[in-house]
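*Asks:* Below: sequence and its predicted model.
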Amino acid sequence: MTHPIIDDVVGRFDDVAHEMSHGQDVAHVPRESWLAFATAARDAGFEVCVDVTAVDWLRARPERYQVVAGLLSMEHRTRLRMITTLDREDPVVDSLVPLYPGTNYAEREVYDMFGIVFEGHPDLTRILMPDDWEGFPLRKDFGVGGVPVQFKESHQVS
Amino acid sequence: MGDEKITEEVDIWVAGTEEPQFSPTDEGSQEIARDESDYRLREQRGSVVDDDYELDDGFGEDDERMILNMGPQHPSTHGVLRLQIELEGEVIRRTKPIIGYLHTGMEKTAEQLTFGQGPTNVTRMDYLAPFHNELAYSLAVERLLGIEVPPRAAVIRVLMTELNRVSSHLVALATNGMDIGALSIMTYGFREREFILDFFEKTTGLRMNHNYIRPGGVAADLAPGWKDDVGHLLTYLPPKIDDYDDMLRHNPIWESRTRGVGVVTAEEAIAYGITGPALRATGVDWDLRKAFPYSGIENYEFDVPTGTHGDTYDRYRVRIEEIHQSLRIVEQALELMPKGDFRVDDRKVTPPPRARIDESMEALIHHFKLFTEGFKVSAGETYVAVESPRGELGCYLVSDGEAKPYRMHVRAPSFNNLQALPIAMADSLMADTIATIASMDPVMGDVDR
Amino acid sequence: MAATPPGNLMMTTVDRAARWARTRSMFPATFGLACCAIEMMASGAAHWDLARFGMEVFRASPRQADLMIVAGRVSQKMAPVLRQVYDQMPDPKWVISMGACASSGGMFNNYALVQGVDQVVPVDIYVPGCPPGPQSLMHGILTLHDKIMSGEIDN
């Protein structure tokens, strides 16, 4: 099921692990090879970077953050997902903007919501929250921020 | 920036009115201020442009460049989009869209809601195509659960999403026309949409933001008499769409306002990750319904319209043709509709029919557990994308074995399509801006989530 | 009427005439934010015509509007803008909070939204719904008209 170009790109890096997740190709790329792997993928035929997002594992995993980038090849009709892990002290990763200009806003959103810094991004500022907002909302240690509502506790089961 | 205030506040109110309950802030009342030392105020009013607006070195005193702030409250920006435009006379040199004025924290809310409640949250993102949001989310959950919906549910989903595509394109056409000045299109577009919304209300209970497509199938079966309703839509709509062609297609004013305006080339579109009608108008034949089919859409015959120049006129033509193709799919769905269940039979995922609750204790317990605790989804992550009227709408879902998603991220098509605005608007006139934004059809709920 | 009318009879009539004029030609300011904005546009369109109440003309400039229909969810970034537009409207002005998100934060009880637009501007009428259909919005508008005519709200 895996397209040959994916095997080809993954084969060029010996620190990249490839797995299938519910029928989709996922490449686990270490942080140092992030930009190099993306460049190789783009040259192999992945013209579009669909999205860049992140997951905060807080204490469930040793490495706190995962940055996920989705790639799409229109020519070969296949998708590839790149996942890298970042630790809690130093969440920095290379920016994909020089390769795929369309990831500009997505990386700003990840910075805004998680505090992950993208090196090489032309304008890494807050995009969704006000400029003077403190905190990174989608981190697991940032509360939901709701107001107390009458009777809300009555139907909370978990 | 002195500390002493040299401002002179003059509170101007209409004489004779009583004291307002809420005292006015500094921001709106007539304030004769010599020194706008409040930085936030200046930023709010747009007289200071922060961030990366470095003026070029050759910027002298007699340069005619002006920075204009458009929005967020503006009739033509399709919601709360703010643009900072650097103008030289009437020509736009640079643009910076500023978004975030509708940020609702939906991804954070999704972590508090169960998988069954997820569609209520997701459906309000792209509020003009709510079925598509629900479909992307439900497909992602079903993929993690490893279940397949029954054939009738798949066909119902196709029927509803294609009708939704028609209603969304009608709104796009209506607002596109209204922004350019063809005011009558606004009333006609919304009139046609009302008939489609009537059908939605009959089936799902709501005109918009229906919580209908859920993991496991759909919430309820189609209402009795639906064949007549859909048949009526299929006979009523095509002549009206042809009426719009009579009004706009060869209209010299429309053509001169839209041809060659807001051009995006195919290379730029692919580099910026633009999908949907904006991409197809540049000539790239890419539609997720053909490339990665979902929900049985490969069984239907339909074409994917493309344009050539990537300008506003081509985007408008692509949308009109897509309406015709969607009606074609609806006609096939009408004939193909199989009998059967409208949701998967697995009682751990979908609630039992209401009548069974009176009879069986198990049904009661299942119902209770499903609506309080929700069903647990095995750990994993997946990404599913559907073709919404704006482009690729994807849902990246991470579960850790609990009844609520660990992380849900929606890849919004309008978020990426907005990145094309600065390139589409460069070196164009101010009036063309409005036409370009309208033809890109951003929905700010999608952009800001 | 042979007897001289008492001194304050004229004042009452002018007052009622003023209220009548205000309700019959209330211009809404465009403040459509999210899904409720689409329903607001639909209620201004042909099927659910708002023009029969004199309100079809949605003024883009707040200086020319009397009624602000806050249609949709108000985020933290948008709240100062909302207040600024409200302040720029001349008196007499009214505010309708349309939809659940504007009235109370709706289903989004989180960090990003102002939980109810009445934290920012004074609200006269709350219209519930998610989104409220054009019928509900019109009911809200007509209730506002009645309240102004009866003198209950006297901005």
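*Replies:* Done, it's in.

*Asks:* List the backbone torsions phi and psi for the residue nearest to C:Gly133 when sequence neighbours are not counted.
*Replies:* Excluding the flanking residues, the one nearest C:Gly133 by C-beta to C-beta, 6 or more residues apart in numbering or on different chains is B:Arg207, at 5.8 Å. Placement of C-beta: from N, CA and C, glycine included. For B:Arg207, the backbone dihedrals (degrees, to the nearest 10) come out as phi -80, psi -30.

*Asks:* can you count the residues close to B:Arg207?
*Replies:* Counted with other C-beta atoms under 10 Å in any protein chain shown, residues neighbouring B:Arg207 total 21.

*Asks:* for the chain, where's the lowest mean pLDDT among helices and strands?
*Replies:* Let's take chain A. helix A:4-11 (a mean of 84; mean pLDDT, DSSP states H and E).

*Asks:* Mind listing the strands the following helix or strand past it pairs with, and their directions?
*Replies:* Scanning forward in sequence from helix A:4-11 by DSSP states H and E, the next helix or strand is strand A:17-21. Take DSSP bridges as the rule and strand A:17-21 pairs in its sheet with strand A:24-28 (antiparallel).

*Asks:* List the buried residues of the partner strand.
*Replies:* A:24-28 (16 or more other C-beta atoms under 10 Å in any protein chain shown).

*Asks:* which other helices and strands contact the next helix or strand after it?
*Replies:* Note on strand A:24-28: by DSSP H and E, the next helix or strand toward the C-terminus is helix A:34-44. With contacts taken as 3 or more C-beta pairs under 8 Å, 6 or more residues apart in numbering or on different chains; DSSP states H and E, helix A:34-44 sits against helix A:4-11, strand A:65-73, strand A:78-86, strand A:92-94.

*Asks:* returning to that earlier point: wouldn't the residue nearest to C:Gly133 be in contact with B:Glu201 here?
*Replies:* Yes - between B:Arg207 and B:Glu201 there is a contact under C-beta atoms under 8 Å: 5.2 Å.

*Asks:* rewinding a little: of the buried residues of strand A:24-28, which is the nearest to chain B?
*Replies:* A:Gln24 (6.5 Å; C-beta to the nearest C-beta).

*Asks:* From chain A, how far off is the residue of the stretch 301-449 of chain B found nearest chain C?
*Replies:* Chain C sits closest to B:Gly445 of the stretch 301-449 of chain B, with a gap of 5.2 Å, by C-beta to the nearest C-beta. B:Gly445 sits 13 Å away from chain A, going by C-beta to the nearest C-beta, to the nearest Å.

*Asks:* quick one: that residue and C:Ala65, what's the gap?
*Replies:* Noted for B:Gly445: a distance of 24 Å to C:Ala65, by C-beta to C-beta, to the nearest Å.

*Asks:* okay, these two: which has more neighbours?
*Replies:* Neighbour count, other C-beta under 10 Å: between B:Gly445 and C:Ala65, B:Gly445 has more, with 29 against 23.

*Asks:* Find the nearest non-adjacent residue to the closest residue to chain A within chain C, please.
*Replies:* The minimum distance from chain C to chain A, using C-beta to the nearest C-beta, falls at C:Tyr111 (2.9 Å). Take C:Tyr111 and drop its neighbours on the chain: the residue closest to it by C-beta to C-beta, 6+ apart is A:Gly145, 2.9 Å away.

*Asks:* got the contact list for that neighbour?
*Replies:* Going by C-beta atoms under 8 Å, 6 or more residues apart in numbering or on different chains, A:Gly145 touches A:137, B:105, C:110-112.

*Asks:* With adjacent residues omitted, what lies nearest to the residue of chain A found nearest chain B?
*Replies:* Of the residues in chain A, the one nearest chain B is A:Gly102, at a distance of 3.1 Å by C-beta to the nearest C-beta. The shortest distance from A:Gly102 to any non-neighbouring residue, by C-beta to C-beta, 6+ apart, is to B:Gly273 (3.1 Å).

*Asks:* So what does B:Glu381 have for phi and psi?
*Replies:* Residue torsions, per degrees, to the nearest 10, at B:Glu381 are phi -140, psi 150.

*Asks:* Before we move on, what's the pLDDT of it?
*Replies:* On the pLDDT scale, B:Glu381 is placed at 91.

*Asks:* that older thread, which of the helices and strands packed on helix A:34-44 sits most buried?
*Replies:* strand A:65-73 (a mean of 23; mean count of other C-beta atoms under 10 Å in any protein chain shown).

*Asks:* May I ask which helix or strand encompasses B:Glu107?
*Replies:* helix B:106-110.

*Asks:* Would you mark the buried spots in that helix?
*Replies:* Those would be B:106-110, for helix B:106-110 by 16+ other C-beta under 10 Å.

*Asks:* Any chance of a markdown table for those residues, columns pLDDT?
*Replies:* A markdown table is the format used below for the buried residues of helix B:106-110 (pLDDT from 0 to 100):
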| residue | pLDDT |
| --- | --- |
| B:Met106 | 90 |
| B:Glu107 | 90 |
| B:Lys108 | 89 |
| B:Thr109 | 89 |
| B:Ala110 | 90 |
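
*Asks:* Those: which ones sit near chain C?
*Replies:* With C-beta under 8 Å from any C-beta of the partner chain as the criterion, the members of those in contact with chain C are B:106, B:108-109.

*Asks:* any idea which element B:Ile185 lies in?
*Replies:* Counting by DSSP H and E, B:Ile185 is part of helix B:183-204.

*Asks:* Which elements pack onto that helix?
*Replies:* For helix B:183-204, the packing partners by 3+ C-beta pairs under 8 Å, 6+ apart are helix B:151-180, helix B:226-244, helix C:35-44.
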